[in-house]
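**Q** Show me the folded form of this:
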Amino acid sequence: MSTNIDNIIVVNEQEIITTSIDGYFKNLAIVGRFENSTLNDGKTFSADGYEEYESLASVGEVFPTTHPVYKCAKNVFAQKVNTGMNKSAVEKVAVCQVLSTDSNIETALTRIGYADAYHWVLIEDEDDDIKSFMDYFADKRKIPHAQTNEPEVLTDTQVTIQSGGGGEELIDNIAKRLSSANIKGVLYYHNTEDEFLNGAMASIHCFGTPGRISGVFDKPSGITKDILTDTQKGKLDGNYVNYYTPYIGQAGSYQTRVLTAGGKMSNGDDIQEQVILDRIILNLQSAGMDALEMKLPYDDRGGSILEGKLKAVLKQLQNEELIASDSLADDVTLQKGQTLQVLSRQTVKEQYASKFAEHCFVVKATAELALNAKKVEINLVYQA
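**A** Got it, this is the predicted structure:
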């Protein structure tokens, strides 16, 4: 009598699911105020509030070459033919339309709800528009890039506005407003209003390996340099404003290089550090979702599979030199650049009773950033 092997050995087939989200960090969105009447003849913008483009030619089919959206997109796509470490790998450019019926930029972006871009570029330069734009991204893992040519930013003095009663009042300039509010966004100073330094630099940050660009000593294509005094540079640096200007050495023109300065967000953090942190966290979240889609059992076997997928994420970022490599201390002990552990089911039951009741895996991770040797702790929860 033959015995069916399936009656003896139970085989669980699992689909291996792996999703890369690196394309997300190479996508960019342009945000601006415009009506359909400003588009090319016969063109109507999508009622969804956004459209996606993969080339300047496709943008030109909708927007006239004199349109601010086209001019910004031109500087964005120009970086794809830039050279070396300045070369952009931008893949998809979305345009988001702010209508006259929207009360502010934040309201418009909430209405549109577009989420498939990491870098966002505002073509408006009014102070309130910039602040509203930045406010929208306060709780999101995205980076907004805005630009100003407000002269008071160069002197760090207040600006005069019309008060509600018809008079005038003084308020802080936009750079001071953003830095004082600890805003998680990037502000650029550029004197030429319709040249979008913010668009060019956001594009350069869409690098082949997301997180490798710092925003300092870059050379964007198609951007005019700003001639700034040391005092003006000091005011910009003091409020974490980025700019593009000549660096002049002791050998004069022989050593002069026109490059970007700053590399800072308005809260004082490095742009590069924020990109790396966002990439670590979002990739861990994505890998966790892939693992859970494989129908993991809520036990230590499932935890082991989840741990393997999450460790692979940190190892990949370590291979890309965004997370520090393992090294030996002077006492020959191994210093790990990254660690990750999915807590056992029993540990979760004892220490995180509410998470255990919800069938959650609890993950503890650490990573030492190669950028500045800063060690970050990451705590994640995945519901099976």
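**Q** all helices for the stretch 101-250 of the chain, in order.
**A** Using DSSP state H, counting those that start in this stretch, the helices assigned to the stretch 101-250 of the chain run over residues 105-112, 127-136, 152-155, 174-180, 197-205, 230-238.
**Q** Of all those helices, which one comes closest to residue 77?
**A** Between residue 77 and the helices of the stretch 101-250 of the chain, the shortest gap by C-beta to C-beta is with helix 197-205, which sits at 7.5 Å. Using the backbone N, CA and C atoms, a C-beta is placed for each residue, glycine as well.
**Q** and the closest one, what other elements does it pack with?
**A** strand 27-33, helix 68-78, strand 119-122, strand 143-148, strand 186-189, strand 241-249 (3 or more C-beta pairs under 8 Å, 6 or more residues apart in numbering; DSSP states H and E).
**Q** Now render the ones you listed as a markdown table, adding mean neighbour count and mean pLDDT.
**A** Conversion of the helices and strands packed on helix 197-205 to a markdown table gives the following (neighbours: other C-beta atoms under 10 Å; pLDDT from 0 to 100):
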| stretch | mean neighbour count | mean pLDDT |
| --- | --- | --- |
| strand 27-33 | 23 | 98 |
| helix 68-78 | 23 | 98 |
| strand 119-122 | 29 | 98 |
| strand 143-148 | 26 | 98 |
| strand 186-189 | 28 | 98 |
| strand 241-249 | 18 | 91 |
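**Q** Redo these as JSON lines? Include distance to residue 97.
**A** As requested, the helices and strands packed on helix 197-205 are exported to JSON lines (distance: least, C-beta to C-beta, whole Å):
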{"stretch": "strand 27-33", "distance to residue 97": "8"}
{"stretch": "helix 68-78", "distance to residue 97": "9"}
{"stretch": "strand 119-122", "distance to residue 97": "13"}
{"stretch": "strand 143-148", "distance to residue 97": "17"}
{"stretch": "strand 186-189", "distance to residue 97": "22"}
{"stretch": "strand 241-249", "distance to residue 97": "26"}
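**Q** Tell me which of the ones you listed lies nearest to residue 336.
**A** So among the helices and strands packed on helix 197-205, strand 143-148 is nearest, using C-beta to C-beta, at 28.7 Å.
**Q** count of residues packed around residue 250?
**A** Counted with other C-beta atoms under 10 Å, the neighbours of residue 250 add up to 6.
**Q** Got the confidence number for residue 8?
**A** Confidence per residue is given as pLDDT, and for residue 8 that number is 37.
**Q** ditto for residue 18
**A** Reading off the per-residue confidence, residue 18 sits at a pLDDT of 54.
**Q** Point out the most buried one among the helices of the stretch 101-250 of the chain.
**A** Among these, the stretch with the highest mean neighbour count (mean count of other C-beta atoms under 10 Å) is helix 197-205, at a mean of 30.
**Q** So what's the gap between that one and the chain middle?
**A** How far helix 197-205 lies from its chain's middle: 11 Å, per C-alpha atoms, centre = their mean, to the nearest Å.
**Q** Would you quantify the distance from residue 277 to residue 184?
**A** Look at residue 277 and residue 184: by C-beta to C-beta, to the nearest Å, they are 11 Å apart.
**Q** What is the burial count for the closest residue to residue 100 other than its chain neighbours?
**A** The shortest distance from residue 100 to any residue other than its chain neighbours is 6.5 Å, reached at residue 35 (C-beta to C-beta, 6 or more residues apart in numbering). Taking other C-beta under 10 Å as the neighbour definition, residue 35 ends up with a count of 11.
**Q** any idea of the pLDDT on residue 35?
**A** In this prediction, residue 35 carries a pLDDT score of 97.
**Q** Let me know whether it touches residue 99 as I believe.
**A** Yes. Counting by C-beta atoms under 8 Å, a contact exists between residue 35 and residue 99, whose distance comes to 7.1 Å.
**Q** one step back: quick one: closest of the helices and strands packed on helix 197-205 to residue 306.
**A** Among the helices and strands packed on helix 197-205, strand 27-33 comes nearest to residue 306, with 27.5 Å by C-beta to C-beta.
**Q** The closest one pairs with which strands?
**A** strand 92-98 (parallel), strand 119-122 (parallel) (DSSP bridges).
**Q** Tell me what angle that strand forms with helix 127-136.
**A** Our comparison of strand 27-33 with helix 127-136, counting by axes from the mean of the first three to the mean of the last three C-alpha atoms, to 10 degrees, yields an angle of 140 degrees.
**Q** Need the residues that contact strand 27-33.
**A** The set of residues that contact strand 27-33 without belonging to it, under C-beta atoms under 8 Å, 6 or more residues apart in numbering, is 50, 68-69, 72-73, 76, 90-100, 105, 108-109, 114, 116-124, 129, 133, 199, 202-203, 206.
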